[in-house]
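**Q** got a predicted structure here, sequence first:
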Amino acid sequence: MNSNDADHSSDESLIELTTEAIAIIRSKYSDEVADDHNPLERDESEIHMALSELKKLAEYSQKLYDKVENLDGLEGWVASKITKASDYISSAYHWIDYEHGSKDCD
């Protein structure tokens, strides 16, 4: 496997994880009974916003990947933003995965 194949595989993994996160979020809110303790945690507008943002994230991730793979270098602040976004998405995914008992092992 060459470097481009590994990078493409990594990008496909990101899109797959994003798609899985969307599915988990959808199942959480479609099957859930309202929580009387903290109704803000069950705000339906949050799920719609999150789904919209995840869709945008998947689209921009692919576009960004396509551009960055052809660059010779990257400014530090840009790399930092990508790292931070990756960390945030990973944290959200793993929290939802843990809370809803998925059998994925990442």
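**A** It's in.
**Q** make it CA atoms for all contacts and neighbour counts henceforth
**A** Noted.
**Q** where does this structure have low pLDDT?
**A** 1-8, 28-42, 102-106 (pLDDT under 70).
**Q** what ranges do the strands span in it?
**A** Here the chain has no strands by DSSP state E.
**Q** where along it do the helices fall?
**A** Along the chain, counting by DSSP state H, helices occupy 3-31, 44-68, 76-99.
**Q** centre-most residue in the chain?
**A** What sits nearest the mean C-alpha location of the chain, by C-alpha atoms, centre = their mean, is T18, with 3.9 Å.
**Q** now for D97, how many residues are close by?
**A** 19 (other C-alpha atoms under 10 Å).
**Q** so it makes contact with I24?
**A** Yes. Using C-alpha atoms under 8 Å, D97 is in contact with I24, at 7.4 Å.
**Q** mind listing what the closest residue to Y93 other than its chain neighbours touches?
**A** In space, and not counting its chain neighbours, Y93 is closest to A21: 5.7 Å by C-alpha to C-alpha, 6 or more residues apart in numbering. A21 makes contacts with Y93, I96, D97, as judged by C-alpha atoms under 8 Å, 6 or more residues apart in numbering.
**Q** now with 10 Å?
**A** Contact analysis of A21 by C-alpha atoms under 10 Å, 6 or more residues apart in numbering lists I15, S27, L51, L54, I89, S90, A92, Y93, H94, I96, D97.
**Q** in ChimeraX, select just the buried ones from the residues you listed.
**A** Provided next is the ChimeraX selection string for whichever of these are buried by 16 or more other C-alpha atoms under 10 Å:
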select :15,51,54,89,90,93,94,96,97
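**Q** just send the contacts of A21 back as JSON lines, with distance to L64 too.
**A** Converted to JSON lines, the contacts of A21 look like this (distance: C-alpha to C-alpha, whole Å):
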{"residue": "I15", "distance to L64": "12"}
{"residue": "S27", "distance to L64": "29"}
{"residue": "L51", "distance to L64": "20"}
{"residue": "L54", "distance to L64": "15"}
{"residue": "I89", "distance to L64": "16"}
{"residue": "S90", "distance to L64": "18"}
{"residue": "A92", "distance to L64": "21"}
{"residue": "Y93", "distance to L64": "20"}
{"residue": "H94", "distance to L64": "23"}
{"residue": "I96", "distance to L64": "25"}
{"residue": "D97", "distance to L64": "26"}
